[in-house]
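[1] Compute the structure for the input listed below.
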Amino acid sequence: MNYHDLSVSFEIEHVLTRMGEQTESGKGYYWEYDLGRNALVLPDNGRLFFDCASDRLAGPDKAVPIKASVSLREAPTNVDPRALREANLTILHSAARAMAKELGCKNDGNLPERLVIKEKAAPTR
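    Sure thing, here's the model as predicted:
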């Protein structure tokens, strides 16, 4: 499997907004996974939301929402969509854990050391 034009990005969000998570979660478009606060994944993109309490952000007692995103310009069509979703989730988990460690997030942003893929909901659309 070749991934071309794969990108990973992070957004540190305002404490009250938690952009994207509330507007997209539960609307039946993404597969939802039990990881961080929530993970929303498709074969060509995904988002992982987690909280980070750190001296480098708002302080050790104030969690700041972070969104990690992964996107592929074009997902391969000859690969099982579930395998692509799980690959995106693996990338998100690894990148988010690395960012949580770099920022010094308390409890590594509550992201487990080892990824356990656990679906919460399938798309309804």
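
[2] where does the closest residue to Leu6 other than its chain neighbours land on pLDDT?
    In this structure, Leu6 finds its nearest non-sequential neighbour in Leu72, 5.5 Å apart by C-beta to C-beta, 6 or more residues apart in numbering. For every residue, glycine as well, the C-beta is placed using N, CA and C. pLDDT for Leu72: 85.

[3] Leaving out the residues flanking it, which one is nearest to Asn88?
    The shortest distance from Asn88 to any non-neighbouring residue, by C-beta to C-beta, 6+ apart, is to Gly46 (4.2 Å).

[4] What about the one you found, how many residues nearby?
    The number of residues packed near Gly46 is 26, by other C-beta atoms under 10 Å.

[5] same check, this time on Arg114
    Neighbour count of Arg114, defined by other C-beta under 10 Å: 6.

[6] Helix or strand: which one has it?
    Assigned by DSSP states H and E, Arg114 belongs to no helix or strand.

[7] what's the distance between it and Thr90?
    Distance, Arg114 to Thr90, using C-beta to C-beta, to the nearest Å: 11 Å.

[8] ranges for the strands of the protein?
    Residue ranges of the strands in the chain, as given by DSSP state E, are 6-12, 31-33, 38-42, 45-54, 59-72, 119-121.

[9] where's the most centrally placed residue in the chain relative to Asp5, distance?
    Note on the chain: the residue nearest the mean C-alpha position is Leu48, at 1.5 Å, using C-alpha atoms, centre = their mean. Here the distance between Leu48 and Asp5 works out to 20 Å (C-beta to C-beta).

[10] Name the single longest helix found in this protein.
    Ranked by residue count and defined by DSSP state H, the top helix of the chain is helix 81-103.

[11] now for it, which elements pack on it?
    Where contact means 3 or more C-beta pairs under 8 Å, 6 or more residues apart in numbering; DSSP states H and E, helix 81-103 is packed against strand 6-12, strand 38-42, strand 45-54, strand 59-72.

[12] And it, how far out from the chain middle?
    6 Å (C-alpha atoms, centre = their mean, to the nearest Å).
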